[in-house]
Structure formats: structure tokens, C-alpha cells
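> The following comprises the amino acid sequence and a computationally predicted model.
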Amino acid sequence: MQSRLEEMGSFFDVRIDGYDEHMRAMFEDFELYYETIARPIAETTKPIDVLDLGCGTGAELNTLFKQAPQACVTAVDLSAQMLNRLLQKFEAYKGQITPVQGSYLSLPFAKHHYDYAVSVYTMHHFTPDTKRALYQKICNALKPGGKYIEGDCVVTPEKEQEVWQWYRDRYTAEHLQAACAPENTLYHIDIPCTVETQLQLMREAGFANVELIWYREKEESAIFVAEV
Ligand SMILES: C[S@@+](CC[C@H](N)C(=O)[O-])C[C@H]1O[C@@H](n2cnc3c(N)ncnc32)[C@H](O)[C@@H]1O
């Protein structure tokens with residue numbers, strides 16, 4: 001559990017160097033994980049619209065552009081450094097990427113505009129209530145039949161309880177008071193859910209079909225697909 005609070009955007013800004021290597025080291029099979037993220041995207045040469053939430057340096061875009069080389073990607077991230085690195089890495093797709101620096105929690109999304117929405121390793125920073133509200137917003141942003149693909153870390157039911165105990169007892173009271181920051185400041189905290197909680201939140205948000213397509217217990221990694 002974290003002991004020091006860091007604002008979300010600056011947390012990632014200062015870790016830009018070495019970030020890609022850090023992500024690679026998290027997975028037993030990094031390539032397969034990101035291939036699985038892109039698998040629900042039907043192969044196409046059409047300019048489909050994709051919303052990438054918490055895009056970071058764009059690890060998911062490599063496999064996404066293999067499936068849909070003409071995809072138009074709205075790439076949202078709080079961190080200016082992460083977005084800059086993404087644009088350098090994907091120079092060849094520059095005309096297809098719209099970078100947006102801001103929080104996907106507060107930014108409005110175009111209604112029924114996207115064929116797919118993707119998020120990888122970014123949702124475990126938020127409470128179930130925050131996630132449910134965001135999933136509803138994503139659901140409204142997708143076209144009928146559109147899909148939301150989420151990759152993230154997951155925990156066992158016991159660990160979920162532990163995390164919640166920590167969040168309720170410590171983070172909400174002591175840390176926030178000590179930080180003396182504006183109420184809506186986003187901090188980098190890790191509060192992952194179980195697979196079951198995730199599936200439930202997506203269903204409650206209004207997705208019709210919700211599926212788990214990857215789960216590695218040891219690695220605590222999962223991938224979900226939710227269809228409008
Ligand atoms: C662990 S990184 C994952 C990046 C990338 N998706 C990947 O798989 O490598 C999480 C990213 O989410 C971004 N992020 C966290 N909360 C956010 C928010 N509310 N709005 C936009 N971006 C956010 C962070 O700035 C960071 O770049």
C-alpha cells in the first residue's frame with residue numbers, strides 16, 4: 001500500500017524514462033497480453049474511431065494498428081510527458097492520432113461516436129462508484145454494437161477487502177488531510193477489484209455482453225470486453 005500521495009499526472013510525468021521497460025517487465029508475455037487486448041477489434045482497413053483512455057506511451061496502439069491500420073485514435077491522458085512520448089513513437093500515424101491532455105473522468109466524450117474504446121492499466125486507481133459512472137459514459141460514447149476493451153490488474157476477494165479497509169481507514173482521512181490539496185485532485189493510488197466486481201460494474205453500467213477474455217492469477221492480470 002502506498003504511503004506517500006502523488007498527483008496522478010505528475011506521478012507518470014516523472015517516471016517517463018524507463019516507463020516502457022517497467023510495463024514490459026510486469027508481464028510474463030507482454031506481446032501476447034497486448035495482442036489479446038487488440039483481438040476483439042475486427043481486422044479492417046476502414047478509418048474506424050477508437051477512444052484510448054489513459055493511453056500512456058501507447059503500448060496498446062502497436063497491436064491496435066495491426067488490426068486497423070487506418071484507425072483514428074483519440075488518445076486521452078493526464079500526463080503531458082506520456083502523450084509526447086506516444087506521439088514520438090507513433091510518428092508514422094500522426095495524422096490519425098488526436099492527443100487530448102486531461103482527465104477522462106471529467107472530459108465529455110462524443111455520443112455514439114466510437115467503434116471501440118480501450119483502456120489498459122489505468123482503471124485500478126478509482127473507486128467502484130467512479131468506475132461505474134465512467135463505464136456509463138463510455139457506453140454512451142460507443143456506437144450500437146461498439147466494444148469497450150479493458151485490461152487491468154485484478155485481485156482476490158481477500159485482497160480486495162484488504163485494499164478497501166486501507167482505502168476507508170487511511171487514504172480518505174489521514175492522507176487527504178495531510179495533502180491539503182483541492183478536493184478533486186486525482187492521486188496515484190492502487191485500489192484494484194476482483195474479476196467479479198469488474199464484471200458486475202460493467203453490467204450495472206449498461207453493457208449488454210460482458211466477457212473475461214484473459215486471466216492470469218499469478219500475474220494478477222485480466223482483460224474484459226464489454227459490448228453495447
Ligand atoms: C499505467 S499507465 C498505462 C498506459 C498504457 N495504457 C499502457 O498500457 O502502457 C496509466 C496511464 O493512465 C493515465 N491516467 C490515470 N488517470 C487518468 C485520468 N483520470 N485521465 C486520463 N489519464 C489518466 C496516467 O497518466 C498514465 O499515463
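Perfect, thanks for sending it.
> going forward, measure contacts between C-alpha atoms and count neighbours the same way
OK.
> Give me the next element, helix or strand, following the helix or strand bottoming out on mean pLDDT in the chain.
Ranking every helix and strand in the chain by mean pLDDT, DSSP states H and E puts helix 176-179 at the bottom, with a mean of 66. With elements assigned by DSSP states H and E, the helix or strand that comes after helix 176-179 is helix 195-204.
> Give me the contacts around that following helix.
Outside helix 195-204, the residues that touch it by Cα atoms under 8 Å, 6 or more residues apart in numbering are 128, 131-132, 135, 154-155, 209-212, 222, 224, 226.
> Out of these, which sit inside strands?
Taking DSSP state E, the ones among those that sit in strands are 209-212, 222, 224, 226.
> Closest one of those residues to the ligand?
Closest approach to the ligand among the ones in strands among the contacts of helix 195-204 (Cα to the nearest ligand atom): Ala222, at 12.4 Å.
> just checking, the closest one touches Tyr215?
Yes - Ala222 is in contact with Tyr215 according to Cα atoms under 8 Å; the separation is 4.4 Å.
> what about stretch 215-228 and the ligand, touching?
No - counting by Cα under 6 Å from any ligand atom, the ligand has no neighbours in stretch 215-228; the shortest distance is 11.7 Å.
> gap between the two ends of that stretch?
One end of stretch 215-228 to the other measures 22 Å (Cα to Cα, to the nearest Å).
> and this protein, which of its residues are near the ligand?
Taking Cα under 6 Å from any ligand atom as the contact definition, the chain meets the ligand at 9, 12, 54-56, 58-60, 76-79, 82, 102-105, 119-122.
> do that again at 5 Å, thanks
9, 54-56, 59, 77-79, 103-104, 120-122 (Cα under 5 Å from any ligand atom).
> Just the strands from this protein, written as ranges.
Using DSSP E, strands in the chain cover 49-53, 72-77, 97-101, 114-120, 142-153, 209-216, 221-227.
> looking at the ones you listed, which is closest to Glu162?
strand 142-153 (15.4 Å; Cα to Cα).
> now for that closest one, which elements pack on it?
If you count contacts as 3 or more Cα pairs under 8 Å, 6 or more residues apart in numbering; DSSP states H and E, strand 142-153 packs onto helix 30-38, strand 114-120, strand 221-227.
> Include mean neighbour count when you put the ones you listed into a markdown table, please.
Listed next are the helices and strands packed on strand 142-153 as a markdown table, based on neighbours: other Cα atoms under 10 Å:
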| stretch | mean neighbour count |
| --- | --- |
| helix 30-38 | 18 |
| strand 114-120 | 23 |
| strand 221-227 | 22 |
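> Just send the ones you listed back as a markdown table, with mean pLDDT too.
Putting those into a markdown table (pLDDT from 0 to 100) gives the following:
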| stretch | mean pLDDT |
| --- | --- |
| helix 30-38 | 97 |
| strand 114-120 | 98 |
| strand 221-227 | 98 |
